[in-house]
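**Q** Starting from these lines, generate the structure:
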Amino acid sequence: MLLSLRRDLARVAEAARAPAMQAYMKSELPFWGVSAVKLKALCRALFAAQTFASAEDWRAAVLALWRGAERREERYAAIALSGVRAAKPFQDLDALPMYEEMIVTGAWWDYVDPLAAHRIGPLLAAYPREMRKILFGWGRSPNLWRRRSAILCQLSFGKATDVALLYACIEPSLSSKEFFLQKATGWALRQLARTEPREVLRYVKAHRAELSPLSQREALKHLAPAVPRAKRAPKT
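**A** Residues are numbered from 1 along each chain as shown. Model (predicted):
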């Protein structure tokens with residue numbers, strides 16, 4: 001599969017774009033120079049008919065792409081392969097070690113964020129009791145990418161957000177100077193504010209001394225229009 005992927009990537013690559021893409025992503029791995037739109041279409045075509053004999057076969061295929069990658073788009077393709085329709089029956093707790101490996105070894109936002117939101121998040125929704133305990137631990141991990149994943153995994157949950165879990169994952173990083181944790185905290189709170197604006201206002205106010213200015217700006221970014229102003233008392 002890796003050879004087929006590389007052949008297709010080489011066919012659509014724009015080599016002149018690759019150095020700028022690598023510089024922007026601060027990547028040790030070089031790029032082919034394939035745009036996100038072209039990569040998505042390529043993966044859809046390449047993986048459309050893909051089947052797996054077992055969960056083990058699927059995980060082996062994903063990790064073969066991930067571990068064997070020589071250019072960054074090949075790891076993007078591994079993430080895409082992990083979410084194909086044929087893999088739906090295998091999205092269970094046995095998949096978690098694979099996703100954790102990808103998060104820890106990927107160690108950058110372009111890998112970690114989709115894995116957190118689209119792989120770890122659904123596992124939390126499907127296995128809340130088990131995943132809650134795991135994510136509570138990730139929120140306290142010395143590894144910042146586990147921490148970021150724990151904070152971001154509920155981005156799409158809306159009213160189903162486990163607010164207590166979110167806060168439990170945020171709070172160990174409240175005083176962190178790490179940009180990626182400050183940004184993740186603000187992003188997660190901003191998403192929560194779409195359905196729970198007053199709760200986010202309360203939380204930011206309660207933790208104003210601990211939350212970084214970046215986290216506060218991100219959390220409150222779209223909040224003013226969402227929270228109606230109190231009506232003025234009629235003049236007498």
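
**Q** is it true that residue 123 touches residue 94?
**A** No: taking Cβ atoms under 8 Å as the definition, residue 123 is not a contact partner of residue 94, at 10.3 Å. C-betas here are computed from N, CA, C, even on glycine.

**Q** Relative to residue 171, how far out is the spatially most central residue of the chain?
**A** Nearest residue to the geometric centre of the chain (Cα atoms, centre = their mean): residue 113, 2.1 Å. Here residue 113 is placed at a distance of 21 Å from residue 171 (Cβ to Cβ, to the nearest Å).

**Q** now do residue 52
**A** Residue 52 is 39 Å from residue 171, by Cβ to Cβ.

**Q** out of those two, which sits in the more crowded spot?
**A** residue 52 (18 against 14; other Cβ atoms under 10 Å).

**Q** what sits against that one?
**A** 58, 61, 86-87, 90 (Cβ atoms under 8 Å, 6 or more residues apart in numbering).

**Q** Which one of the residues you listed is nearest to residue 136?
**A** Nearest to residue 136 among the contacts of residue 52 is residue 90, at 24.7 Å by Cβ to Cβ.

**Q** What is the burial count for the closest one?
**A** Counted with other Cβ under 10 Å, residue 90 comes out at 18.

**Q** Relative to residue 121, how far out is the closest residue to it other than its chain neighbours?
**A** With Cβ to Cβ, 6 or more residues apart in numbering as the criterion, residue 90 has its nearest non-adjacent residue at 4.0 Å, and that residue is residue 55. From residue 55 across to residue 121, the span is 19 Å (Cβ to Cβ).

**Q** higher neighbour count, those two?
**A** Set residue 55 next to residue 121 and count neighbours by other Cβ under 10 Å: residue 121 wins out with 19 against 16.
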